[in-house]
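Trainee: Sequence isn't available, so here's the structure alone:
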Ligand SMILES: Cc1cc2nc3c(=O)[nH]c(=O)nc-3n(C[C@H](O)[C@H](O)[C@H](O)COP(=O)(O)O)c2cc1C
């Protein structure tokens, strides 16, 4: 069993999750490659592809959203997971798992976008899961690294991780009419 993990990151949080997944999957053997450096073909003998990306504007990053990340302090970056999928040679039917980092459960997810793009490429067995950051630059919410290791362990065992809703980073106080309505 070999797992190829390809990760996009701008502030380091999604890379941390990818590393934790690989650590959890060590019984299988996993390689983590940054999407900028990833070849368009997978290593021979890849049994599972894991794609990890930060959520930008409810989905995968674009050149414009990556420029916005740079304007918020991220280093310059090349392509994202969206562009990697477009150019990749992907064996039909290869199992895959999509991972996103998100700031909360209600603002879209890059993992959903990954599943859609992979489905169009014939990879129909794609599970997904999200991990929460406290803000645009992070950090990851407490417990997420442990959860990522556990997901890696399950994937390495050939299982499909049970989708666990990503924890909410912080609850904003209810104000005004919403507070009165909800009590
Ligand atoms: C341009 C931009 C747009 C973003 N849009 C969203 C969004 O729609 N939903 C969300 O949950 N997080 C959004 N975020 C926050 C990212 O989720 C966060 O930056 C990312 O998870 C951090 O991962 P990284 O350190 O690997 O880049 C956005 C961040 C940037 C820079």
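Mentor: Sure, I can see it. All values derive from a computational prediction rather than experimental measurement.
Trainee: What's the local residue count around the nearest residue in space to residue 152 that is not next to it in sequence?
Mentor: Using Cβ to Cβ, 6 or more residues apart in numbering and skipping the chain neighbours, the partner closest in space to residue 152 is residue 24 (2.7 Å). C-beta here means a position set from N, CA and C on the backbone, and glycine is covered the same way. Neighbourhood size, residue 24 [other Cβ atoms under 10 Å]: 22.
Trainee: wouldn't residue 24 be in contact with residue 151 here?
Mentor: Yes. Using Cβ atoms under 8 Å, residue 24 is in contact with residue 151, at 6.6 Å.
Trainee: Up against the ligand, what does this protein have?
Mentor: Within the chain, the positions adjacent to the ligand are 9-14, 54-58, 65, 68-69, 72, 101-104, 107-108, 133, 136, 138 by Cβ under 6 Å from any ligand atom.
Trainee: What are the buried residues along stretch 136-151?
Mentor: Neighbour-count burial for stretch 136-151, counted by 16 or more other Cβ atoms under 10 Å, picks out 136, 138, 140, 141, 144, 145, 147, 148, 149, 150, 151.
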